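Peer 1: Below are the sequence and a predicted model; questions follow.
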Amino acid sequence: MTLRRTPAGRTHAALLASLFLPAALAAQAAPPVVTLDEAIERSLAADPAAVAAASGIASARADVMQSRGAWLPTLTLGTGYANSSNQRFDQATGRLVSENYSAQVQSGIELFDGGRRLAEGRTARARERAATAGFREQRFLTALATTQVFYATAAAEELLAAARQRLERALQQLEFARTRLELGSATRSDVLRAELEAGNAELAVVEAESALRTSRLQ
């Protein structure tokens, strides 16, 4: 686009620089490109609800293992040591000793519990199934929310591109109206209407940039 070397043209060039220079600087510091699958993976790893649901599965599985272990016999090992100032006769060695060592092993198994272990096992397995279902549900919810934000960001990018095209057309129309005013084929009101459209287009660009920035942060 050719700019006329007039005070209005210099103002127009300054307006273009003030509008597109920040956009160029922002493009240099643009966030990295992230695909939808990558965004969902990051969301699942960072979403507190998804992490809590995964922890719930681990806790439920631990309860299942504990309920299974209740069927195993118990085994207790113990050792003891005593040192007395009075010596005593040890029949095993035939000597006088003042120290005493002891060790014991105890094992037991519960034969009847009134069905308590069966009930606890069923409860633990039910909690595991519920935790697994909750985890799957939360994964779908997180993926859905991420997909919505992802496409909202894509839509915001398209809206920003459309707003910039509108601004470019408005600036061209403003330049054309000023040229016609100089040639006497347009009135001052035509220029004012073109300036109003350029201002509205500039405001639309600012709003679209703000919406895109918000979507990217989300």
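Peer 2: Yep, it's here.

Peer 1: for Ala186, helix, strand, or coil?
Peer 2: coil (DSSP: H, G, I helix; E, B strand; the rest coil).

Peer 1: isn't it right next to Gln173, touching?
Peer 2: No. Judged on Cβ atoms under 8 Å, Ala186 makes no contact with Gln173 at a distance of 11.0 Å. Backbone N, C-alpha and C define where each C-beta goes, glycine included.

Peer 1: For Arg42, report the pLDDT, please.
Peer 2: pLDDT recorded at Arg42 is 89.

Peer 1: ok, residues contacting the helix or strand where it lies?
Peer 2: Assessed by DSSP states H and E, Arg42 sits inside helix 36-46. The contact list for helix 36-46 (Cβ atoms under 8 Å, 6 or more residues apart in numbering) reads Val34, Ala50, Val51, Arg139, Thr142, Ala143, Ala145, Thr146, Thr147, Val149, Phe150.

Peer 1: which secondary structure element contains the third one?
Peer 2: Element membership of Val51 [criterion: DSSP H and E] is helix 48-69.

Peer 1: now for that helix, which elements pack on it?
Peer 2: Counting contacts by 3 or more Cβ pairs under 8 Å, 6 or more residues apart in numbering; DSSP states H and E, helix 48-69 packs against helix 36-46, helix 116-183.

Peer 1: right, and the ones you listed - which one's nearest Gln66?
Peer 2: Nearest to Gln66 among the helices and strands packed on helix 48-69 is helix 116-183 (7.3 Å), distances taken as Cβ to Cβ.
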